[in-house]
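Chemist: 3D model of this:
(4 chains)
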4 protein chains.
Amino acid sequence: MNNLGDASGAKGCEGGKRGPSDHGLSAVLLWSCPDKKGLVARISQFLYERGGNIIDLDEHVDRSDNTFFLRVEWDMRGFSVSPDKLNDAILPLACEYGARWTIRLNDKKRRLSIFVSKLGHCLQEILWRLELGEFEAEIPVIVSNHADLRPIAERYEIPFHVFPMTKENKEEVEAQQLTLLEREQVDTIVLARYMQILSPAFVKKYPERIVNIHHSFLPAFAGANPYGKAFDRGVKIIGATSHYVTDLLDEGPIIEQDIARVSHRDSLEDLIRKGRDLERLVLARGVQLHLEDRVLVHGRKTVVFG
Amino acid sequence: MNNLGDASGAKGCEGGKRGPSDHGLSAVLLWSCPDKKGLVARISQFLYERGGNIIDLDEHVDRSDNTFFLRVEWDMRGFSVSPDKLNDAILPLACEYGARWTIRLNDKKRRLSIFVSKLGHCLQEILWRLELGEFEAEIPVIVSNHADLRPIAERYEIPFHVFPMTKENKEEVEAQQLTLLEREQVDTIVLARYMQILSPAFVKKYPERIVNIHHSFLPAFAGANPYGKAFDRGVKIIGATSHYVTDLLDEGPIIEQDIARVSHRDSLEDLIRKGRDLERLVLARGVQLHLEDRVLVHGRKTVVFG
Amino acid sequence: MNNLGDASGAKGCEGGKRGPSDHGLSAVLLWSCPDKKGLVARISQFLYERGGNIIDLDEHVDRSDNTFFLRVEWDMRGFSVSPDKLNDAILPLACEYGARWTIRLNDKKRRLSIFVSKLGHCLQEILWRLELGEFEAEIPVIVSNHADLRPIAERYEIPFHVFPMTKENKEEVEAQQLTLLEREQVDTIVLARYMQILSPAFVKKYPERIVNIHHSFLPAFAGANPYGKAFDRGVKIIGATSHYVTDLLDEGPIIEQDIARVSHRDSLEDLIRKGRDLERLVLARGVQLHLEDRVLVHGRKTVVFG
Amino acid sequence: MNNLGDASGAKGCEGGKRGPSDHGLSAVLLWSCPDKKGLVARISQFLYERGGNIIDLDEHVDRSDNTFFLRVEWDMRGFSVSPDKLNDAILPLACEYGARWTIRLNDKKRRLSIFVSKLGHCLQEILWRLELGEFEAEIPVIVSNHADLRPIAERYEIPFHVFPMTKENKEEVEAQQLTLLEREQVDTIVLARYMQILSPAFVKKYPERIVNIHHSFLPAFAGANPYGKAFDRGVKIIGATSHYVTDLLDEGPIIEQDIARVSHRDSLEDLIRKGRDLERLVLARGVQLHLEDRVLVHGRKTVVFG
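Modeler: Down below sits the predicted model:
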């Protein structure tokens, strides 16, 4: 059956008009629950009844386990629920469907902390994009286990804390780091080639809020020295992966990946150089998707409403 | 503001369950209209009230002119409106919003006609994919202005009609072609390297239902001999474009594009060979997006819910 | 220092002219040896002294172990060494440098055997490219452990031999296959989704002359069911790899790889479908590079003069 | 014919050994001339006789007009011709073959001048890569027609000259710029989103030594406002192009191109943002290829020995 309807010029019909879009206060709901009939209708109706105009809605059902995922962004102008009451308002609905959810308003910038060691390209990239206004975020503090990158931080006038790390002091240092992050009200941690493995206790404090860049096309070449391994194996393509950190090294849910071609002409140094460009882009994209609340974690996987 | 809610294990809450997905009868609504508050709520509510479970919903608002686009697919099992009454049922809503829309059911395969001239690779590709079950379609007739590709058609036992074309007989031949297409109840025409320009009168009969492949990265190298032009210009990347045919040559709304790297080592013949692979893929993807009702035309542009 | 010289229009200088290139008899030398001063000069001088005009020359030195690789193609018209004496002629030079080498003339087509099981897309792709004239090869026989793909072979009128395979009869069947291949003077074997592991004894008979397609981005997802594993891991990119077969499963030297983007919207079936397109292209490119003598194996790696 | 020779372990044969590669003084010859028999032999023999060990050799023949292109890099240690005599030494050979050539030694860094206007991302990218040691170059001066980017230049302590430009003073300003460039012994000019068109007289002073970035996939969207045009046309892929500047706007020989996918979800601002990443990479690669003497111009095209 194939019917083309057109009521756009029909008599008695009247098209709506809307003023030009401006970036006022808006909210984003990320939601997942077991799939059920009428979910989109219920949630969109919920917003409409309270005066919320939907700016963007994206949904997905994972058929393998019938889980429903939703991202909806709506205009808070004229919305009858005040920002501080949003969670209370959504609770009955969430309870009814057994949902996990987050609501976030764009009323203030998210607070990032960047963790680094000695390589500065990923840090540099993030600071530059911040300066260009690409990220809705601010960076109250950069954390490192080495002092090498302090000059970059100073260039952008961001506090730079060095925590020298040894096998012996790890637990203690992580405690100090957590205190600092809490004091600075850090929301999200970005591991920008930070060469330390975070303890499970640390990771637990920032669930699905630590974004790492791994310099390979995961799951190939997990662990240390991926470029060396890629070079030895003679692959024709290298990659980079941004993912959330979990207790299992390089096993966290993947947010974004990208690749570049290499050939026999490329030395290990060439792989590292080409890889740098990949790492910068893939981490930046991963951070941006996270900051815009476009990522939902589903077990080992992600739903990315890009 | 950042809140993480979790009612997934809450007492008194109960998650819904759904049986494993099967591919029963479903319907797709493609809809565009001036943007207005509550559109998603209204349409999803409309479906829910009639017992329709949404399988997939995607929407988009073009902020440059505040046009709203929607694709929604729902399960027809238990839907209270019978297939032949769907358009009548949606009409009042469409009228209210001044919408253009199509509704299509997956109850029968769409009928394609492939138009070809002398080059067989795009035809070959479409027939393979059909054989593999990638397209929900059937091909009652292949049309050509040359007899060269008849053996391919015979291999797949599809009728092959040759309409020799001259400047003088064009009008008459197109009339014969249209008669044939009507008799065969053809829904969509695929120009698979068909080397004739369709008249505006012909195009008018299949608005947004003629898919062409152009062997360049449009708008670069529109018109004849794009590989020759690309070779002479010394580009480092070649491309292919699938688009809907309109009255303006190679100016129709673009559905899909892809590219391949070339270098000084590539002769014109190499460009043509590499281009063949691009054309096959890009046309196949364009046809598939069209067949799955994922493309909405918006002026010179498309919204592709991929 | 930077100097721009131009003697192209200088008095007393005279530019050479050459007639248009035609595809007459030519030869390709693939050569590897420990690097040494003057190698390119020696080899090109060797050819020049015998009247050979170099059509294409590409060389590479692997700095990690100072191995020199060369591919040179020259015109045999007017070459003073007859084709059957080529190896004898090059021997002293090869001996002097401790080289491994092959020389091949384009005087006759290479003989391929395609090994398949139940999936026909890779077989189909190769036969189609052969038909289009993309491969300088002929296929005297297709080998399978199942009868399913016989119709495709018949479409192209190529003998199709079925060798049903069990754990018990493997050794015996492989012996029969080798007899057949020898009788048909098969030069290269292409495993086009052949779902059997060849024994080391078999592989030994065709060193660096068995090209396989693996349906993942190696070394990720080696072994069985790579799409299932990729789906479970939630990767954002899938891949395919063509490589030479060695005794170690999916560990042979990689010839070519390519990738495609996937998202949470892609089901396992979508991955398989998108993967098919990758497999076809990557195997075809691998076979073509092999047939044109563009691949030199270097331990676990390849040098590909593309 | 197919013969596998192996003299690598033969008795009486002895493989050469070479010490580990170090980056000492080396020279690069770029050469083009009408094709003639024995060219590679002659040139490699020329180097060998003077004690030059070839580090890298790449050649190409354009069959459409039988032009021969060569890039050869050799070790100057033990080379019997002193650097200042290289051109004199090659002259008779070049004259014999009617060649155009350049010879460059890596004894000192090339001197770049970056021209900018108001957008800093390309400048930023080049300065980073310089800092990272990716470019064998130094930047004695940045030239701009606006003062906006001075802070970036100061961050890297590079002199920043502002030349306000009007229709009336163009000729005069260009003369001042040329004086400055000459005084600073600038070898190559990089137009990093410089929004002024250079006069033919200016271009003539730096033939094939001005590298520009154009923010589209040329020849699509030449001229002003390419992102706006791409947005209006509804393309599914955007691109960037680095090329040498000639008298014809956006018509110069292309060095490098790359692309990124876009969709209906991308606003014009998104295109500009995604395009920035492309421009940075494509300009950086173009500059690097130029600095490493890997680009030969051939009419409107380039031969890039990558």
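Chemist: quickly list the domain ranges of chain A.
Modeler: Per automatic domain parsing, the domain ranges recorded for chain A read A:26-105, A:110-304.
Chemist: would you tell me which of those domains gets closest to chain D?
Modeler: Closest of the domains of chain A to chain D is domain A:110-304, at 6.0 Å (criterion: Cβ to the nearest Cβ). (C-beta placed from N, C-alpha, C; glycine too.)
Chemist: now the closest one, how far from the centre of its chain.
Modeler: Distance of domain A:110-304 from the chain centroid (Cα atoms, centre = their mean, to the nearest Å) equals 12 Å.
Chemist: anything in that domain near chain C?
Modeler: Yes: against chain C, domain A:110-304 shows contacts by Cβ under 8 Å from any Cβ of the partner chain at A:217-221, A:232-237, A:239, A:253-259, A:263-265, A:267-268, A:298, A:300-304.
Chemist: for stretch A:151-170, buried residues please.
Modeler: A:Ile152, A:Ala153, A:Tyr156, A:Ile158, A:Phe160, A:Phe163, A:Met165, A:Lys170 (16 or more other Cβ atoms under 10 Å in any protein chain shown).
Chemist: which pair of those residues spans the longest distance?
Modeler: For those, the maximum inter-member distance is 28.4 Å, found between A:Tyr156 and A:Lys170 (Cβ to Cβ).
Chemist: can you tell me who A:Thr188 pairs with across the strands?
Modeler: Residues in a beta bridge with A:Thr188, per DSSP bridges, are A:Leu112.
Chemist: surely it and A:Glu208 touch.
Modeler: No: taking contacts as Cβ atoms under 8 Å, A:Thr188 lies outside contact range of A:Glu208: 9.5 Å.
Chemist: hang on, the earlier thing: in a markdown table: the buried residues of stretch A:151-170, plus pLDDT.
Modeler: Converted to a markdown table, these look like this (pLDDT from 0 to 100):
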| residue | pLDDT |
| --- | --- |
| A:Ile152 | 95 |
| A:Ala153 | 96 |
| A:Tyr156 | 93 |
| A:Ile158 | 97 |
| A:Phe160 | 98 |
| A:Phe163 | 97 |
| A:Met165 | 93 |
| A:Lys170 | 94 |
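Chemist: can stretch A:52-62 be said to contact chain D?
Modeler: No: legend: contact between stretch A:52-62 and chain D by Cβ under 8 Å from any Cβ is lacking; minimum distance shown is 8.8 Å.
Chemist: average pLDDT across that stretch?
Modeler: For stretch A:52-62, mean pLDDT is 92.
Chemist: any low-confidence regions in the stretch 1-150 of chain A?
Modeler: Scanning the stretch 1-150 of chain A with the threshold set as pLDDT under 70 gives A:1-23.
Chemist: wait, which of the domains of chain A is closest to C:Val245?
Modeler: C:Val245 sits nearest to domain A:110-304 of all the domains of chain A, at 15.0 Å, using Cβ to Cβ.
Chemist: what distance separates the start and the end of the closest one?
Modeler: Counting by Cα to Cα, to the nearest Å, you get 19 Å between the two ends of domain A:110-304.
Chemist: can you name the residue of the stretch 101-250 of chain A nearest chain C?
Modeler: Nearest to chain C, among the residues of the stretch 101-250 of chain A, is A:Gly234, at 3.0 Å (Cβ to the nearest Cβ).
Chemist: tally of neighbours for that residue?
Modeler: Residues lying near A:Gly234 (other Cβ atoms under 10 Å in any protein chain shown) number 22.
Chemist: before we move on, what about A:Gly306?
Modeler: Residues near A:Gly306, counting by other Cβ under 10 Å, number 15.
Chemist: which residue comes closest to it once chain neighbours are left out?
Modeler: Leaving aside its chain neighbours, A:Gly306 sits nearest to A:Arg294 (6.2 Å; criterion: Cβ to Cβ, 6 or more residues apart in numbering or on different chains).
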